[in-house]
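# predicted model and sequence below, questions to follow.
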Amino acid sequence: MNKRLLHAILIATVIVIIASCSDRLDMEDATHALLVGFDLDKENELILYSTSPVFSKNVEKKTRELRVKPQTNRQSRGKQDSYTEGVFQGRSIQVLLLSKRILQQENWFQLTDVWFRDPKNPLTPRIIAFDGPLSEIIYLNPKDQPMLPILLREMVETKNARSETVKTTLQGLHQQIREKGVTPIISEVRLKDKQIAITGTTLLDHKGKYADSLNMQETILLRILQKNTKKSVNLTIPIPGEMKIGPFHTDKVSLNADEIKVKIKTSFLKDKFQFHMHITMRVGLSELLFPFDVRSQGKELENKITEQVQMNFENLIKKIQTDKIDPIGLGLYAQAHEYSHFKKVEDHWGETLANADIHVSVKTIIGAMGTLK
């Protein structure tokens with residue numbers, strides 16, 4: 001090979017390596033935030049929190065929490081840098097924690113603009129709502145649990161696998177807000193006796209503003225209607241006519257539901273959208289807290305279970321229509337099957353769905369009753 005050509009190749013290689021390392025930042029020179037949280041103070045001024053791991057053997061506390069009051073999300077990085085020995089990095093964010101007060105503001109989602117403009121920022125943080133001031137959870141630091149960002153992320157993962165909450169990422173939330181046929185849904189956590197607990201989900205309207213909350217059982221029902229359940233799901237329902245004895249709720253039956261099938265038919269009649277939902281599920285009895293001869297009276301119990309499950313679905317749909325939102329995604333069915341009618345109302349689909357006729361029919365089949373008679 002010509003020496004001049006070889007020399008040119010070597011120079012070019014060095015230039016490429018130098019260029020690729022131009023934005024290198026050693027770990028000891030960086031502050032890696034695993035959690036970022038947004039809240040408002042009593043004067044409605046923005047507060048930004050962050051939680052970062054501390055990589056030092058000489059420090060007993062393994063996380064560092066920062067609180068700044070910036071005018072914008074991007075400005076917060078400079079303010080946080082002034083309190084740390086390293087440069088604030090947002091590339092490792094695992095959780096974006098939002099207070100209920102933030103979610104009650106119509107334009108809060110604009111705070112995330114910086115993450116979408118910089119390609120180095122991750123779009124996979126889990127979006128979690130907290131019902132209360134973020135200071136209550138940020139500084140909790142229980143010694144018997146992992147650091148807060150890891151704890152929250154794992155809680156969302158496991159509860160999502162059981163369909164008791166949802167795993168919504170920043171990118172997923174952005175897509176839900178842009179889609180006119182569905183409204184966003186994110187995880188929700190609360191403090192109960194100073195312990196962090198996933199309580200279900202937070203429902204948002206088309207602008208991302210807080211609309212309502214669902215407990216874990218309501219979330220399971222919503223996931224069924226979304227056709228988005230993971231494996232089997234667990235339900236506990238009361239059975240009318242059974243007595244509650246003493247302090248114990250002995251009128252309850254717990255079910256494992258699987259082989260769930262949901263059919264949704266869409267039409268437009270008399271200036272209204274019509275949705276007919278038919279849900280079938282095979283259930284196994286996992287807990288029966290009152291005496292009942294399932295073998296000889298199984299059909300009677302099956303009918304009572306069907307009645308209660310159907311009532312729960314109807315109550316959920318009534319709540320959604322009252323809130324004028326659509327976390328189920330019925331707008332996607334309307335868009336697919338009645339496009340011309342949907343196009344006229346897509347900009348106020350929540351109000352349109354509130355006036356729609358939604359009918360639910362449920363059929364449950366007891367497929368297993370356990371080893372006890």
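Perfect, thanks for sending it.

# what's the burial count for the residue lying closest to residue 204 once chain neighbours are set aside?
Leaving aside its chain neighbours, residue 204 sits nearest to residue 184 (4.2 Å; criterion: C-beta to C-beta, 6 or more residues apart in numbering). (Each C-beta comes from the backbone N, C-alpha and C, glycine too.) When neighbours are counted by other C-beta atoms under 10 Å, residue 184 registers 26.

# now the one 5 residues further on
Applying the criterion other C-beta under 10 Å, we find 24 residues in the vicinity of residue 189.

# pretty sure it sits against residue 201.
No - using C-beta atoms under 8 Å, residue 189 makes no contact with residue 201, being 10.5 Å away.

# three-state assignment of residue 241?
Using DSSP: H, G, I helix; E, B strand; the rest coil, the structure places residue 241 in coil.

# got a list of what it touches?
Counting by C-beta atoms under 8 Å, 6 or more residues apart in numbering, residue 241 touches residue 304.

# quick one: it from residue 288, how far?
Plainly put, residue 241 is 14 Å away from residue 288 if you go by C-beta to C-beta, to the nearest Å.

# got it, and residue 55?
Separation of residue 55 from residue 288 (C-beta to C-beta): 53 Å.

# I'd guess residue 322 is in a strand, am I close?
No - under three-state DSSP, residue 322 falls outside any strand and is assigned helix.

# nearest residue to it other than its sequence neighbours?
Leaving aside its sequence neighbours, residue 322 sits nearest to residue 354 (C-beta to C-beta, 6+ apart; 7.2 Å).

# shouldn't that neighbour be in contact with residue 321?
Yes - between residue 354 and residue 321 there is a contact under C-beta under 8 Å: 4.7 Å.

# where does the prediction get shaky in this structure?
1-31, 56-60, 71, 73-90, 242-246, 248-249, 291-298, 370-373 (pLDDT under 70).

# what helix or strand does residue 255 sit in?
Per DSSP states H and E, residue 255 falls inside strand 252-269.

# related to what we said a few turns ago, with neighbour numbers in mind, choose between residue 55 and residue 288.
Legend: neighbour count by other C-beta under 10 Å for residue 55 and residue 288, higher for residue 288 (18 against 12).

# partner residues bridging that one?
Taking DSSP bridges as the rule, residue 288 bridges to residue 253.

# ok, it to residue 361 distance?
Going from residue 288 to residue 361 by C-beta to C-beta gives 25 Å.

# ok, residue 123 next?
Distance, residue 123 to residue 361, by C-beta to C-beta: 40 Å.

# kindly report the same for residue 153.
Taking C-beta to C-beta as the measure, residue 153 falls 38 Å from residue 361.

# higher neighbour count, these two?
Using other C-beta under 10 Å as the criterion, residue 153 and residue 361 rank with residue 153 on top: 19 against 13.

# and that one, what does it touch?
If you count contacts by C-beta under 8 Å, 6+ apart, residue 153 has them with 94, 95, 126.

# include secondary structure and neighbour count when you put the residues you listed into CSV, please.
Below are the contacts of residue 153 laid out as CSV (DSSP: H, G, I helix; E, B strand; the rest coil; neighbours: other C-beta atoms under 10 Å):
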residue, secondary structure, neighbour count
94, coil, 19
95, strand, 22
126, strand, 26
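
# quick one: the residues you listed as JSON lines, columns for distance to residue 119 too.
Output for the contacts of residue 153, formatted as JSON lines (distance: C-beta to C-beta, whole Å):
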{"residue": "94", "distance to residue 119": "19"}
{"residue": "95", "distance to residue 119": "21"}
{"residue": "126", "distance to residue 119": "20"}
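
# and which of those residues is nearest to residue 193?
Using C-beta to C-beta, residue 95 comes nearest to residue 193 of the contacts of residue 153, at 22.2 Å.

# report the contact partners of that closest one.
Residue 95 sits next to 34, 35, 36, 125, 126, 128, 148, 149, 152, 153 when contact means C-beta under 8 Å, 6+ apart.

# next one: residue 312 from residue 219, what distance?
From residue 312 across to residue 219, the span is 12 Å (C-beta to C-beta).

# hmm, I was thinking of residue 108
Counting by C-beta to C-beta, the separation of residue 108 from residue 219 is 22 Å.

# ok, residue 104 touching residue 209?
Yes - with contact defined as C-beta under 8 Å, residue 104 reaches residue 209; the gap is 6.6 Å.

# of these two, who's got more company?
Higher neighbour count among residue 104 and residue 209: residue 209, with 17 against 12, using other C-beta under 10 Å.

# quick one, phi/psi of the residue nearest to that one when sequence neighbours are not counted?
Counting by C-beta to C-beta, 6+ apart, residue 209 lies nearest to residue 106, which is 5.0 Å off, once chain neighbours are set aside. Backbone torsions for residue 106, taken as degrees, to the nearest 10, come to phi -60, psi -30.

# can you tell me the SS state at residue 150?
Per three-state DSSP, residue 150 ends up helix.

# and it, how far from residue 138?
Separation of residue 150 from residue 138 (C-beta to C-beta): 14 Å.

# between these two, point out the one with more neighbours.
For residue 150 versus residue 138, neighbours defined as other C-beta under 10 Å are more numerous around residue 138 (21 against 17).
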